[in-house]
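Student: fold the stuff below for me.
(chains A, B, C and D, ligands or ions: 4)
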Amino acid sequence: MNSESSVVAKQTDAVSDTESQSLRTRDQLAPADHLEILRQLYLARYFDVRLIKEKRRGRLRGTLYSSHNQEAILVGTLFGLRPDDWISPIHRDMPAFFLKDMRSGWNNPDRKGMSVAEVCAQVWGKEASPIRARDNWSHIGSLDKGIIYSTSMLAATIPVAAGVAFAFKLDGQDSVVLTYNGEGATARGDFHEGINFAAIHKLPLITIIENNQWAYGTPVELECPTEDVADRAKGYDIPGLIADGQDVLDVYDKTMWAVERARRGRGPSIIECKTFRAYGHGDHDDDRAMRYRDAEEIERGRSRDPISVYKRYLVEAQLLSAEEADRHTPENRDALQVTDDDFPPEVIAALKEAVEFAVSSPLPEAEEAFRWVFAEDAE
Amino acid sequence: MNSESSVVAKQTDAVSDTESQSLRTRDQLAPADHLEILRQLYLARYFDVRLIKEKRRGRLRGTLYSSHNQEAILVGTLFGLRPDDWISPIHRDMPAFFLKDMRSGWNNPDRKGMSVAEVCAQVWGKEASPIRARDNWSHIGSLDKGIIYSTSMLAATIPVAAGVAFAFKLDGQDSVVLTYNGEGATARGDFHEGINFAAIHKLPLITIIENNQWAYGTPVELECPTEDVADRAKGYDIPGLIADGQDVLDVYDKTMWAVERARRGRGPSIIECKTFRAYGHGDHDDDRAMRYRDAEEIERGRSRDPISVYKRYLVEAQLLSAEEADRHTPENRDALQVTDDDFPPEVIAALKEAVEFAVSSPLPEAEEAFRWVFAEDAE
Amino acid sequence: MSAAAAQAQAKNYLTALKDALHEEMERDPNLVCMGEDIGILGGAFGVTEGLLDRFGPLRVVDMPISESAIVGAAIGLAMRGKRVVVEMQFIDFISCGFDQIVNNAATMCYRSAGKVNLPIVIRGPSGGYGGGGPYHSQQNEAWFAHSPGLKVVCPSTPSDAKGLLRASIRDPNPVVFYEVKELYRKRDIVEEIPDGEFLVPLGHATIRREGSDVTVVTYGNMVHFCLKAAERLAEQDVQAEVIDIRTIVPLDEETIRTSIEKTNRVVVVNEASRTCGFAGELLARISEFGFELLDAPPVRVTRADTPVPWVKPLESAVLPSVDGIFEAAMKVVRY
Amino acid sequence: MSAAAAQAQAKNYLTALKDALHEEMERDPNLVCMGEDIGILGGAFGVTEGLLDRFGPLRVVDMPISESAIVGAAIGLAMRGKRVVVEMQFIDFISCGFDQIVNNAATMCYRSAGKVNLPIVIRGPSGGYGGGGPYHSQQNEAWFAHSPGLKVVCPSTPSDAKGLLRASIRDPNPVVFYEVKELYRKRDIVEEIPDGEFLVPLGHATIRREGSDVTVVTYGNMVHFCLKAAERLAEQDVQAEVIDIRTIVPLDEETIRTSIEKTNRVVVVNEASRTCGFAGELLARISEFGFELLDAPPVRVTRADTPVPWVKPLESAVLPSVDGIFEAAMKVVRY
Ligand SMILES: Cc1ncc(C[n+]2csc(CCOP(=O)(O)OP(=O)(O)O)c2C)c(N)n1
Ligand SMILES: Cc1ncc(C[n+]2csc(CCOP(=O)(O)OP(=O)(O)O)c2C)c(N)n1
Ligand SMILES: [Mg+2]
Ligand SMILES: [Mg+2]
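Tutor: Ligands and ions are numbered 1, 2, ... in the order given. A predicted model of the protein is given here:
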């Protein structure tokens, strides 16, 4: 663990108490895996940069909740999952929809994750969206691919995820469910009711808390009374792990520990990933966010870009040469300063194609608006 | 601490960690206080016995949620409160409404608790009820006397109590709020939202959990994943104390510790009082309860009657002679076996008068049914 | 007891519901029941009695007191191909799971462009007259009728209870199912219920009594009030046609219209509070399609716009009565 | 800037609300504001801007994301003599505090036999047309109109926004207050608002446009749609009288009746979904009292019975339009 990860040194009791299982699944990663992780970090960043720019140019409707600076959480939690595992991303997790099961091949049509094109079709509000753009941005899902459809109501997906986890238990299946939430959402009743139920039945439910210090304009101290948000786990006697949300491998290790535990029927965990929201709550909030948070705080928060943290690890571990590391450097820079030159060609290609598909796709037809209030037999 | 209290030896971390304040406020009780506590235990028991009998004879409407065997929790939590403190009892706590501030004199019209007569008028569904019998049984309250009106929705009063506590803080007042709940109610979202809010703002809110092992027909293991229900406190970094719910002085000590802490602005606590529900969930459930709980469990659960536990203490501490202790012995017996002879005359007198008042009071008039949907200026 | 004998047995409303659950649980291994105290206890009223022993704790789940998580978990199970019957111990507590119902379950099919169907039945005892007070007497179906994507059902007889519950369980949409607790053990409505694949399809009203002078549209417990009022009306030579709509959503407008074409007069009766209750919706629809048909203003009989108070004289004052229905019908007929 | 100059300034809907809050907070030291992001941020839309700096964190409380606790805490504060304004970040999230509103706040006065008044305003941005999708577009007032004990308000102009909010804050009852977010910054409705004790009492409709041919009853954003439709109707020589009811509960039936006595025709327009929406309640009441008055069937224009979809073509398809109102009125007039 490098010195930057010192934030994770403290773990809640339940972890040390429960099992001796390894907290270093990373040791089993092959060199190719590492390069794939790096590519995924690039892709998540590039996706966000592109959306920020599109939004600024007025080309997108709805609100963009930037995942900038929080990409390691998504890549780190998703990389080790099996195709049959389920997830429920929230508003800030748009890249999660295509990152899921990306290890099965970016262009593999059978992989259990959405294609970048499908996600773009949703963002652009087109008929080709998985939900025909009937609800906005992150409210997409797929039963085939193991992605729960969420509502806007924060934490409301936790009980749903617990229900999916209960179905796994009922069907004797060792799949797990990962549910994502901001630290602010942990104040909601549904957070409690869902995790309490999962803990009672030892369901394979892992709750990822993206603690980016702010819930819209409210600091974490006004949402949560404990020192660490992971401490909420103590109230359910389940592990509450703390991961350095800027360190993809730390996130990966902690996730895999909780996942393996859950597969073995030992029940739910909470993983708090400490991170920092790089921009406003949504793009409409970018300017105000500079006022309610001070410049120094923002500076400090952004100072550990997940891409550079990972690159440093790779170079130290001799998995990447310094030269390779410097070839593409979108890290530590504002989204508007970054250009296509800062990303590897395969990342640019993947997104370019997807955006072209989205842009050229038709809108849903108005008549559709009256369909599917109830199930249609013909479907 | 006598051996019977060994159940309370384990305390959650937050208690030992936080302060050195005494856990033996009982040492400050005068001999007269002890006799008053005993009288209150008798009264609470007699009230319940009387209602059980009335209900059996078909003289009462609604459901009786017997407080039998759980009286030490009510007397022990309420005895040390100040008149300006607030409470919110639940369905099983009917005696709490008159036990509040009873120390200021059973017949003192100015005391900040309801009279036994008012409570009986409510149970008998009469106009003289504090709420003119518009809602049932325990849903009475009084802003003058510091008693929050509850709804049926379990745990829904916790956020309300937190609001009252916030008002105390806002007004710079060092009063506290005690809110009562069963262990089952701790599963509800409102439990979490209310306590979370109180913990963030260090509000003077003390949540008493009457853990009687059963929530209707559901055992505590299916409501709560932790070893002790008090462990829920850990999720908020507040003290979670465990009291022997059969030992009025243990309940009193723990409550006073939390109350003093709250008065000093140190924030909320949870106190789990371990007890056992002597009868069915409600009187309609008495027969079924014998089937879903086994006889031995019931036997064991009822084996430590709070009156006998307290008498033994008093005798050992030479605050009561063995002869006095044996004068009235309603303890360790089924409600239907107990008669008036088993209670001290002042207890019988207090209730007799109240019941007579209730019985002879008129019902509310039908026309009233249309009033007070909205505030009436004339009031 | 032979199967034929069992078949011939008269069933009350509660037993009819219990039978429906047992038979559907037996028939469909993907069906799961969840709720508070439904397993070990067998339900506060006993509707789920015997299910835990027969189907085990993974299909009959004693849930913590967490109405929101109960509905949420049901959604999750349905996403994994299960059908789920959720019990609200009293329908009044449905308010605690409200968001999951109206914003999650109800809209899922729409939001997913038809890809996700949630076959969930949320059932529970409803209605007043039992002295239950504000939180054990509600008839709050209008909240859900106003939430697109939910079906809403309320049976008035044992055979409908059974047939509609089975149809609701097999329906691919979320259904809020109002059981009338005052009818659970009512003796004078017991019925012999046909065995086998007995279903009552959703969206079909039934005429409980034929008549030519005034149409009375109602459902649930009020059906029996209306039938009593109809008897008294008959004594006055007024023949009321009593329509039991049975399902609130979808509504069988056709049966109502056909009746009003005959009677040209209508009274709507519903136990819920007045403003924005379903009686108002019925009046609105009737006034939309029936303007030319009506010879008298349509009238509704409902609870007053108050909570349901506890003590008997107050409770009786605010709830609909046979007298009130009788008078409303007389007023309409005499207009 | 002098007081007189300030007075003369034209205010938009949002500023009017903000002014009301500042003035009432100043006037009544017992008034407390609670909600998510209302303090440090000043509210998602800025309605509570500046309050924290002026009145401090004990009176302007940045609450955790806990709608149920927010309403519950407001009840507790009101029990201790405070008045409370609660902000729902979007009115759609009110579903998460539903039980505390309908079962606790709404019924408290009734349950306590008038002893406890809860002066709580629950306010928040509502309504569609902004592309907000199912959870940022709701107009869910019917749920609360159907819950006795709540007042329900929805202003359509800056001066009403200010006057009704002040009246709601001073009302002793819980009020659910629908702000139309599409109007927050709408330029063409800015108004000069009288200074001083300017209040708009609850329960009083206003006539936005006089006319003799058809009565159009509406509120909120729909008022502006109806006025546009009325202009087009005028081009066809149809004079529509547009009534803005302003408060849904209590309803000013008198103004509606008087107008219908004149026009004998009525169209009701409301943005919420159709079944059991408040348009239906209006139709029901009009058909009860107006049977003899109407020369044509009453008609309602509402959202379809669907959630509000996100993409523009779908959103436009389900929401009421000026065209739709125009056509409905023409149909009624031509009947
Ligand atoms: C129940 C509910 N209340 C309020 C909101 C409005 N809202 C949307 S995001 C947000 C802040 C969320 O903060 P956090 O959970 O920390 O996630 P982050 O945005 O920081 O990733 C709020 C209050 C909502 N979506 N749902
Ligand atoms: C929100 C809600 N759901 C369900 C109920 C029905 N109910 C009443 S009491 C009870 C059991 C309560 O158990 P517990 O909290 O342990 O208290 P106890 O009765 O054991 O004292 C239930 C489920 C309710 N009142 N409120
Ligand atoms: Mg956050
Ligand atoms: Mg209990």
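Student: against ligand 4, how distant is A:W257?
Tutor: Distance, A:W257 to ligand 4, by Cβ to the ion, to the nearest Å: 35 Å. Using the backbone N, CA and C atoms, a C-beta is placed for each residue, glycine as well.
Student: so where does that residue fall, helix or strand?
Tutor: Using DSSP states H and E, A:W257 sits in helix A:248-263.
Student: grab the nearest non-local neighbour of A:D174.
Tutor: A:R263 (4.5 Å; Cβ to Cβ, 6 or more residues apart in numbering or on different chains).
Student: now do A:E118
Tutor: A:P130 (5.4 Å).
Student: hang on, that neighbour packs against A:M114?
Tutor: Yes. Assessed by Cβ atoms under 8 Å, A:P130 is found in contact with A:M114 at 6.4 Å.
Student: and the residue of chain A found nearest ligand 3, how many neighbours does it have?
Tutor: Nearest to ligand 3, among the residues of chain A, is A:G182, at 3.6 Å (Cβ to the ion). A count of neighbours around A:G182, defined by other Cβ atoms under 10 Å in any protein chain shown, yields 28.
Student: that one contacts A:Y216, doesn't it?
Tutor: No. Using Cβ under 8 Å, A:G182 is not in contact with A:Y216; the gap is 9.2 Å.
Student: need the longest helix for chain A.
Tutor: helix A:31-56 (DSSP state H).
Student: which strands and helices sit next to the helix or strand following that one?
Tutor: As assigned by DSSP H and E, the chain's next helix or strand after helix A:31-56 is helix A:71-78. Packing partners of helix A:71-78 (3 or more Cβ pairs under 8 Å, 6 or more residues apart in numbering or on different chains; DSSP states H and E): helix A:31-56, helix A:96-99, strand A:177-182, strand A:205-211, helix A:248-263, strand A:269-274, helix A:306-316.
Student: what residues sit buried inside the second one?
Tutor: If I follow you right, that is helix A:96-99. Using 16 or more other Cβ atoms under 10 Å in any protein chain shown as the test for burial, helix A:96-99 gives A:A96, A:F97, A:F98, A:L99.
Student: model confidence over that helix, on average?
Tutor: On average, the pLDDT along helix A:96-99 is 98.
Student: that one and ligand 1 in contact?
Tutor: No. Judged by Cβ under 6 Å from any ligand atom, helix A:96-99 makes no contact with ligand 1; its nearest approach is 12.4 Å.
Student: ok, then the element right after that helix?
Tutor: Following helix A:96-99 in sequence order, the next helix or strand is helix A:116-123 (DSSP H and E).
Student: what domains does the record give for chain C?
Tutor: Domain ranges of chain C: C:8-192, C:206-334, per automatic domain parsing.
Student: of those, which approaches chain B most closely?
Tutor: Minimum separation from chain B across the domains of chain C (Cβ to the nearest Cβ) falls at domain C:8-192, 2.6 Å.
Student: right, is that closest one up against ligand 4?
Tutor: No. If you take Cβ under 5 Å from the ion as the test, domain C:8-192 misses ligand 4, and the best it gets is 9.7 Å.
Student: so what's C:P155 up against?
Tutor: Residues in contact with C:P155 (Cβ atoms under 8 Å, 6 or more residues apart in numbering or on different chains) are C:Y13, C:A161, C:G163, C:L164, C:L165, C:E179, C:V180, C:V200, C:G220, C:R246.
Student: neighbour-wise, give me the winner out of the residues you listed.
Tutor: Neighbour-wise, the contacts of C:P155 (other Cβ under 10 Å) top out at C:A161, 33 neighbours.
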